[in-house]
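S.K.: the sequence isn't on hand, but the structure is:
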């Protein structure tokens, strides 16, 4: 018992024992500052400083924007901004991919290149063809009711009936003699129409000019985009009357017949039609007589 009391007194004495911290001038050994300290004072002061530092750090994190720089911690606003940026990035990627595909189509139109990916349509149809005998075509009650409801709505819907979709009408860009016809085997995806120099070249349909520039091979070229993915191409023009971005009407003068470019043998119009990235024969849709 006495030993325990003696030990506690010894610990108390060590904690309360005074020490003197002196700061001296190194040259003159003059005493500048002195402090009286004990182990207990140092422990209490250090503990209070640590607690204060922890409290100050907590306040800075909780009530200032500094918390956003802590890994794994972000505000709702920052998360929303990150989500919006992600959506915008995805949208930009889709726009970029669509633009690249669009430019690839323009490149094919200008160069007359087509990927040689031949597909056997008969084999595809045979592969996916269904046998009608294996399908139950008996109408169910819900199907009959839906058919009757749709028929009743269509009967009195005059607006839908009066705005039926009509096929696009193509205007001959120039009149003249056809010297070279459309020949896919020889990769001539156009018709060549001979006409006097400076003869007006007209737009084959309503649309917007998406290309109007000079190329070394085909001279002055103008490309018009029409509805439903249809493109009309006019090459070897003597001059262009329209610029990229202009909206044109069917039959409007857009250029004049010329003999520009290296791949030409005289004044004529090299005219192409492309439907959704594939060339089609203009004579199937336009009478050039």
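M.R.: Received, thanks. Computed from a predicted model, the values in this text were never measured in an experiment.

S.K.: CA only for contacts and neighbour counts going forward, please
M.R.: Will do.

S.K.: quick check: residue 263 vs residue 212, distance?
M.R.: From residue 263 across to residue 212, the span is 18 Å (CA to CA, to the nearest Å).

S.K.: one more: residue 4?
M.R.: From residue 4 across to residue 212, the span is 104 Å (CA to CA).

S.K.: show me the shaky parts of the stretch 51-200 of the chain.
M.R.: Scanning the stretch 51-200 of the chain for pLDDT under 70 picks out 67-68, 70-76, 112-144, 146, 148-167.

S.K.: still on that earlier bit, residue 4 and residue 212: who's more crowded?
M.R.: Neighbour count, other CA atoms under 10 Å: between residue 4 and residue 212, residue 212 has more, with 21 against 9.

S.K.: just to be sure, the more buried one is in a strand?
M.R.: Yes - assessed by DSSP: H, G, I helix; E, B strand; the rest coil, residue 212 belongs to a strand.

S.K.: show me what contacts it?
M.R.: Residue 212 makes contact with 220, 221, 222, 223, 240, 242, 243, 244 under the criterion CA atoms under 8 Å, 6 or more residues apart in numbering.

S.K.: need the per-residue pLDDT for the residue nearest to residue 17 when sequence neighbours are not counted.
M.R.: Nearest non-adjacent residue to residue 17, counting by CA to CA, 6 or more residues apart in numbering: residue 38, 5.6 Å away. At residue 38, the pLDDT value in this model is 80.

S.K.: what about the strands in the stretch 151-289 of the chain?
M.R.: Using DSSP state E, counting those that start in this stretch, the strands of the stretch 151-289 of the chain run over residues 177-180, 191-194, 200-202, 207-215, 219-225, 230-240, 247-248, 253-257, 268-275, 278-280.

S.K.: mind putting those into a markdown table with distance to residue 52?
M.R.: A markdown table is the format used below for the strands of the stretch 151-289 of the chain (distance: least, CA to CA, whole Å):
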| stretch | distance to residue 52 |
| --- | --- |
| strand 177-180 | 92 |
| strand 191-194 | 88 |
| strand 200-202 | 84 |
| strand 207-215 | 69 |
| strand 219-225 | 72 |
| strand 230-240 | 74 |
| strand 247-248 | 72 |
| strand 253-257 | 80 |
| strand 268-275 | 75 |
| strand 278-280 | 75 |
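
S.K.: can you say which of those is nearest to residue 65?
M.R.: Closest to residue 65 of the strands of the stretch 151-289 of the chain is strand 207-215 (CA to CA; 48.8 Å).

S.K.: report the inter-axis angle for the closest one versus strand 253-257.
M.R.: Angle, strand 207-215 to strand 253-257, by axes from the mean of the first three to the mean of the last three CA atoms, to 10 degrees: 30 degrees.

S.K.: show me the residues around the residue nearest to residue 17 that make contact.
M.R.: Going by CA under 8 Å, 6+ apart, residue 38 touches 15, 16, 17, 18, 19.

S.K.: how about residue 240: what's its closest non-neighbour residue?
M.R.: Excluding its sequence neighbours, the residue lying closest to residue 240 (CA to CA, 6+ apart) is residue 255, at 4.3 Å.

S.K.: please name the bridge partners of the one you found.
M.R.: Beta-bridge partners for residue 255, by DSSP bridges, are residue 201, residue 240.
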